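Asker: sequence plus predicted model, see below.
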Amino acid sequence: MLSPFPPLKGGIARFSSRLVHAFGEAGREVLPAPFRRLWPRWLMKGRPALEPESEPMRATPFSLDLMNPFSWLKVAFGLRASRSDVLLLAYWSALLAPLCAVVRRVSGLKTVVLLHNFTSHESIPGESMLKRLLVASSDGWITLSRSVESELLAFAPGAHTLCLFHPLYERQGPMPSRSEARKRLGLADTSRVVLFFGYVREYKGLDLLLEAMQLVLDREPLMRLVVAGEFMIDASVFRAQAERLGIAGKVDFREGYVPAGEVAVLMAAADAVVLPYRSATQSGVVSLAFGHGVPVIACNAGDLAVQVEHRRTGWIIGEEGASALASGILDFFNERDRLPFEQGIEEFCRTHSWNEFAGRATRFLERCSGRVA
């Protein structure tokens, strides 16, 4: 499996690490081919690339540097010598298409792409050409949402695909009580708390959420917004927006990557996790929230309305704009005590397990390898 792995930060590294473990539980041996570097230092703008207190992937003879094509060749020759049955390659950006092409050609391995996104979140020059290169270098595709599968098949109608789901992220430690968690975060027990969690990018709509919070607070002054995550765009823009809207005292900015050990505190303090995304495929934040028993308020973007079942595991906002988002947040709080969110989330947890994902993925990978009819 060629992918970022811990101690590199990010949801894809975490996803891949958990998947390797699930494949092992299914009786399959996985050779991790991790990255030691994804991006040049200047692009990171001083942000650390490694997650603190993270357990690294087990020892492996492979080590990739996305910025160094010579490392691609070294890994490709190593994979060829490994006599593996199939290569599973995690993909989320068009910048990975040349790597996929080189590794598949040199290693000679059947290659299945684990497709987190088919179109990069940020615009990349020549992406259509890079997509064609990727399609020509792939023997099969595993997608995590119907919207991504549909986009792929519109571009490559003959693609051999398996559509799965984003599995649940289990709690990594004991959950504190809501009262204890809020005390640690400096939040009042009487507050109504919504949490925006994860990397802050333009498409995730934090600016829209801040506008909505101004409208929410006019009707519900006990509402609080916690923003916890690493800002990929200038955080001062959002702080200034909160000041301009007159809600700075109601918004708690916790800037910086959230280590796994601190996630439970944030989730325990929240009444709901909110995803005001302008666009999306699926989101690991949903699986993380449900793994901690927290319902999700989400805009109807991509497959979020598939991940989040309206009035059962959370609240889907069908219309666009800050006014609709504000109304959705208020409606959720007005209705939550009458709806079976706890039961719905428990059911989601049972049906979206890593073992189920790994079992179905294994059967598909075996077929793609050509070793099984």
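Answerer: Alright, I've got the coordinates.
Asker: so in this structure, where's the weakest helix or strand by average pLDDT?
Answerer: helix 41-44 (a mean of 53; mean pLDDT, DSSP states H and E).
Asker: tell me the strands beside the helix or strand following that one, with direction?
Answerer: Next helix or strand after helix 41-44 toward the C-terminus (DSSP states H and E): strand 64-65. Using DSSP bridges, strand 64-65 pairs in its sheet with strand 33-37 (parallel).
Asker: separation between the most centrally placed residue in the chain and Gln214?
Answerer: The centroid of the chain falls nearest to Gly284 when counting by CA atoms, centre = their mean (3.4 Å). Using CB to CB, to the nearest Å, Gly284 is found at 29 Å from Gln214. For the C-beta atoms, the positions are set from N, CA and C on the backbone; glycine is no exception.
Asker: so for stretch 334-346, first residue to last residue, what's the gap.
Answerer: By CA to CA, to the nearest Å, the extent of stretch 334-346 from end to end equals 22 Å.
Asker: now do the buried residues in it.
Answerer: Buried residues in stretch 334-346, counted by 16 or more other CB atoms under 10 Å: 336, 339, 341, 344-345.
Asker: got the contact list for that stretch?
Answerer: Applying CB atoms under 8 Å, 6 or more residues apart in numbering, the contact partners of stretch 334-346 are 271-272, 290, 293-295, 309, 311-315.
Asker: highest neighbour count among those residues?
Answerer: Highest neighbour count within these: Gly314, with 30 neighbours (other CB atoms under 10 Å).
Asker: quick revisit: just the buried residues of stretch 334-346: which are in helices?
Answerer: 341, 344-345 (DSSP state H).
Asker: let me have these in JSON lines, extended by distance to Met1 and pLDDT.
Answerer: JSON lines is the format used below for those (distance: CB to CB, whole Å; pLDDT from 0 to 100):
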{"residue": "Phe341", "distance to Met1": "35", "pLDDT": "94"}
{"residue": "Gly344", "distance to Met1": "32", "pLDDT": "95"}
{"residue": "Ile345", "distance to Met1": "29", "pLDDT": "95"}
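Asker: want to throw those into CSV with distance to Lys9?
Answerer: Below are these laid out as CSV (distance: CB to CB, whole Å):
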residue, distance to Lys9
Phe341, 30
Gly344, 31
Ile345, 27
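Asker: let me know the closest of those to Val200.
Answerer: Ile345 (25.1 Å; CB to CB).
Asker: so how far is Asp139 from the closest one?
Answerer: Distance, Ile345 to Asp139, using CB to CB: 36 Å.
Asker: assign Met175 to helix, strand or coil.
Answerer: The three-state assignment at Met175 reads coil, by DSSP: H, G, I helix; E, B strand; the rest coil.
Asker: how many neighbours does it have?
Answerer: Neighbours around Met175, by other CB under 10 Å: 16.
Asker: which member of the contacts of stretch 334-346 is positioned nearest Thr190?
Answerer: Nearest to Thr190 among these, with distances taken as CB to CB, is Asp271, at 11.6 Å.
Asker: how about the closest one, what does it touch?
Answerer: 192-194, 294, 333, 336.
Asker: tell me how far it lies from Glu211.
Answerer: According to CB to CB, Asp271 stands 20 Å off from Glu211.
Asker: ranges for the strands of the stretch 51-200 of the chain?
Answerer: Using DSSP state E, counting those that start in this stretch, the strands of the stretch 51-200 of the chain run over residues 64-65, 87-91, 111-115, 140-143, 161-163, 192-197.
Asker: circling back to that earlier point, any idea which of the buried residues of stretch 334-346 is closest to Ser107?
Answerer: Comparing the buried residues of stretch 334-346 against Ser107 with CB to CB picks out Ile345 as the nearest, at 41.4 Å.
Asker: from Pro61, how far off is that closest one?
Answerer: 41 Å.
Asker: so what are the structural domains in this structure, by residue number?
Answerer: Split into domains by automatic domain parsing, the chain comes to 2-167+353-369, 178-351.
Asker: least confident of those, on average?
Answerer: Here the domains of the chain differ in mean pLDDT, and the lowest is domain 2-167+353-369 at a mean of 90.
Asker: next one: that domain to chain centre, how far?
Answerer: With CA atoms, centre = their mean, to the nearest Å as the basis, domain 2-167+353-369 stands 14 Å off its chain's centre.
Asker: could we number from 51 for the rest of this?
Answerer: Sure, I'll start counting at 51 from here, so that last one is domain 52-217+403-419.
Asker: just the helices in the stretch 201-350 of the chain please.
Answerer: For the stretch 201-350 of the chain, applying DSSP state H, counting those that start in this stretch gives helices covering 228-235, 256-269, 285-295, 310-319, 334-341.
Asker: make TSV out of the ones you listed and add distance to Val301.
Answerer: Shown next, in TSV, are the helices of the stretch 201-350 of the chain (distance: least, CB to CB, whole Å):
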stretch	distance to Val301
helix 228-235	13
helix 256-269	7
helix 285-295	5
helix 310-319	14
helix 334-341	18
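Asker: what's the most buried one of those?
Answerer: Mean neighbour count (mean count of other CB atoms under 10 Å) peaks for helix 334-341 among the helices of the stretch 201-350 of the chain, with a mean of 24.
Asker: what helices or strands is that one leaning on?
Answerer: Helices and strands touching helix 334-341, by 3 or more CB pairs under 8 Å, 6 or more residues apart in numbering; DSSP states H and E, are helix 61-75, strand 242-247, helix 310-319, strand 322-325, strand 346-349, helix 354-357, helix 391-401.
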